[in-house]
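[1] After the sequence you'll find the predicted model.
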Amino acid sequence: MDLYFLFPTISTTFIVISAVLVAIGWGLIIKGKRAAHKKTMILAAIAAVIFFIIYSSRTIFVGNTTWGGPDDLKPFYQVFLIFHIVLATVAAVFGISTLVLGFKEKYAKHRKWGRITSVIWFITAITGVAVYVLLYLLYPGGHTAPVWKAIFGIE
């Protein structure tokens with residue numbers, strides 16, 4: 001297993017862990033277990049941050065993977081990928097906002113935002129896994145240059 005496959009596998013695992021922890025946290029708060037909910041959601045946020053660090057590091061230092069599937073599917077994949085990226089960005093902003101509301105003990109707003117944030121997070125995780133499956137399992141593609149090499153024009 002090379003770095004091009006290892007990093008995406010690890011980062012995707014962390015996003016799945018994060019989504020599972022969010023689901024567990026949701027269940028805990030429904031049962032009225034606030035302390036356990038808080039700890040679980042903090043762990044979910046940590047897993048999401050680890051995902052982001054691994055993903056960003058790979059993009060900067062190793063590079064990403066290009067579409068390796070049939071050309072006729074590429075436009076569909078690109079639309080799906082853009083949808084995933086926008087959703088992930090929205091989920092991150094909502095996630096941070098929801099956490100802040102919880103820490104500030106603004107529970108009415110936290111509860112309202114949390115429901116929306118969780119659903120967006122679940123969809124983001126599912127589409128992220130789908131991107132991983134498409135790029136690394138079904139249609140492995142080529143690799144792009146690391147961002148730092150592209151910025152400085154190093155080949």
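    Received it, and whenever you're ready, just let me know what you need.
[2] Any idea how many residues pack against Ser56?
    For Ser56, the count of nearby residues is 12 (other Cβ atoms under 10 Å). C-beta here means a position set from N, CA and C on the backbone, and glycine is covered the same way.
[3] Next up, phi/psi of it, please.
    Backbone torsions for Ser56, taken as degrees, to the nearest 10, come to phi -60, psi -40.
[4] Please report how far it lies from Phe14.
    Distance of Ser56 to Phe14, given as Cβ to Cβ, to the nearest Å: 13 Å.
[5] helices or strands next to the lengthiest helix in the chain in the packing?
    The longest helix of the chain (DSSP state H) is helix 74-103. Identification of packing neighbours for helix 74-103 by 3 or more Cβ pairs under 8 Å, 6 or more residues apart in numbering; DSSP states H and E yields helix 34-57, helix 107-132.
[6] switch to 6 Å and redo it
    For helix 74-103, the elements it packs on are helix 107-132, judged by 3 or more Cβ pairs under 6 Å, 6 or more residues apart in numbering; DSSP states H and E.
[7] For the helix it packs on, which helices and strands make contact with it?
    helix 3-30, helix 74-103.
[8] will you turn the ones you listed into TSV that also has mean pLDDT, distance to Ala145 and mean neighbour count?
    Shown next, in TSV, are the helices and strands packed on helix 107-132 (pLDDT from 0 to 100; distance: least, Cβ to Cβ, whole Å; neighbours: other Cβ atoms under 10 Å):
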stretch	mean pLDDT	distance to Ala145	mean neighbour count
helix 3-30	94	12	18
helix 74-103	95	19	16
